[in-house]
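Engineer: pasted the sequence and its predicted model underneath.
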Amino acid sequence: MRLFSLAYCSTATKPLTLSDVKKLATKASANNQLSIITGCLIYANKQFFQIIEGSQENLNLLFLKIAKDPAHDKIKILYYQQIEERLFPNWGMGLLETARTREIVKKHFEKDFQPEEFSPKQAENFTTDIKKLFFI
């Protein structure tokens with residue numbers, strides 16, 4: 001099976017609490033495991049940044065659901081590419097909220113978390129830094 005990775009960002013249509021986001025990630029993780037999709041999610045300042053990995057067909061189906069979800073606005077695909085291996089092989093949907101994540105955010109953003117400003121290469125670099133932080 002050929003693997004793909006899709007990174008996107010969006011704006012939440014309403015502010016979410018940490019509890020709301022944890023519930024969202026838990027539900028996504030359960031659903032993603034059924035479709036053999038892995039990835040991670042970061043949420044801050046009403047901004048989502050999510051990486052999803054899996055087959056092209058499953059990613060397309062999932063992204064169509066995300067695009068139709070009224071909880072998202074201003075959805076922007078940052079990159080969609082074939083990959084050799086998963087960056088997050090054991091995460092149905094990891095929610096990143098640790099102090100270490102804040103350090104990565106500070107490294108990549110001058111002010112607040114604004115992933116919509118990423119170029120595809122910047123999004124890849126951000127993703128690589130997340131992988132290094134949690135898995136190396």
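Structural biologist: Everything's here; your move.

Engineer: would you map the helices across this structure?
Structural biologist: If DSSP state H is used as the criterion, the helices of the chain fall at 18-34, 56-68, 99-108, 120-135.

Engineer: least confident of those, on average?
Structural biologist: Per-stretch mean pLDDT for the helices of the chain is lowest at helix 99-108 (a mean of 69).

Engineer: longest strand of the chain?
Structural biologist: Selection of the longest strand in the chain by residue count, based on DSSP state E, yields strand 72-83.

Engineer: so which elements touch that strand?
Structural biologist: On a contact count with 3 or more CB pairs under 8 Å, 6 or more residues apart in numbering; DSSP states H and E, strand 72-83 meets strand 3-12, helix 56-68, helix 120-135. All C-beta spots, glycine's among them, are computed from the backbone N, C-alpha and C.

Engineer: relative to the whole chain's centre, how far out is it?
Structural biologist: The chain centroid and the centroid of strand 72-83 are separated by 9 Å under CA atoms, centre = their mean, to the nearest Å.

Engineer: ok so, going back, ranking the helices and strands packed on strand 72-83 by burial, who's on top?
Structural biologist: strand 3-12 (a mean of 20; mean count of other CB atoms under 10 Å).

Engineer: that strand - what's its average pLDDT?
Structural biologist: 94.

Engineer: neighbouring strands - and their directions - for it?
Structural biologist: With DSSP bridges as the test, strand 3-12 is paired with strand 47-54 (antiparallel), strand 72-83 (antiparallel).

Engineer: give me whichever of those strands is most buried.
Structural biologist: strand 47-54 (a mean of 23).

Engineer: just the CA coordinates for that strand, please, in PDB.
Structural biologist: The C-alpha trace of strand 47-54 is given here as PDB (Å, rounded to 0.1, in the frame of the first residue of the first chain):
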ATOM      1  CA  GLN A  47      -6.300  27.300  15.000                       C
ATOM      2  CA  PHE A  48      -6.000  23.600  14.100                       C
ATOM      3  CA  PHE A  49      -2.900  22.100  12.600                       C
ATOM      4  CA  GLN A  50      -3.300  18.400  11.700                       C
ATOM      5  CA  ILE A  51      -1.300  15.800  10.000                       C
ATOM      6  CA  ILE A  52      -3.000  12.600   8.800                       C
ATOM      7  CA  GLU A  53      -1.300   9.600   7.200                       C
ATOM      8  CA  GLY A  54      -2.600   6.600   5.400                       C
END
